[in-house]
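**Student:** sequence and predicted model, in that order:
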Amino acid sequence: MDKKIAHTQAGVKEDTSNFNDNSAHNQRLKILDWLFEKDSITTAQAREYLDVMSPAPRIMELRRAGYQIVTFWDNWTSEHGIKHRIGRYVLTQKQPVEAI
């Protein structure tokens, strides 16, 4: 993760490695941290690793804040063998652009 980039639109937090609540604000920060490090996240990853059960609204809020995030569709099979179509969110620009 590039430490020079601030999460200015999502809010500033000194230590984002220890989120002590699951507020929408912290969910956005967790998703941004993941995206800055790995460039993309799926709905399943957001749920399993970040405790963000509905990532779509957080992604929408990040887009409104000026982050360039594109959605692609993946096929994913659950641990129970059920096939799902899930979103993969890809960060295309690490600095937010001014919201329109």
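**Tutor:** In hand now; what should we look at? This is a predicted model, so every value here is computed, not measured.
**Student:** can we go C-alpha only for contacts and neighbour counts from here?
**Tutor:** Noted.
**Student:** tell me the centre residue of the protein?
**Tutor:** For the chain, the residue nearest the mean C-alpha position is residue 31 (2.7 Å; Cα atoms, centre = their mean).
**Student:** got a pLDDT number for it?
**Tutor:** Residue 31 carries a pLDDT value of 97.
**Student:** check which helices and strands the longest helix along the chain is in contact with.
**Tutor:** Longest helix in the chain, counting residues (DSSP state H): helix 24-38. Applying 3 or more Cα pairs under 8 Å, 6 or more residues apart in numbering; DSSP states H and E, we find helix 24-38 packed against strand 40-42, helix 43-50, helix 55-64, strand 83-93.
**Student:** could you dump that helix to CSV, C-alpha only?
**Tutor:** Coordinates of each C-alpha in helix 24-38 appear next as CSV, following Å, rounded to 0.1, in the frame of the first residue of the first chain:
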residue,chain,number,x,y,z
ALA,A,24,-20.1,2.4,7.4
HIS,A,25,-17.1,4.7,7.8
ASN,A,26,-14.8,1.9,9.0
GLN,A,27,-16.2,-0.4,6.3
ARG,A,28,-15.2,2.1,3.6
LEU,A,29,-11.7,2.4,5.1
LYS,A,30,-11.3,-1.4,5.3
ILE,A,31,-12.3,-1.7,1.6
LEU,A,32,-10.0,1.2,0.6
ASP,A,33,-7.1,-0.4,2.5
TRP,A,34,-7.7,-3.7,0.7
LEU,A,35,-8.1,-2.0,-2.7
PHE,A,36,-4.9,0.0,-2.3
GLU,A,37,-3.0,-3.2,-1.5
LYS,A,38,-4.6,-5.6,-3.9
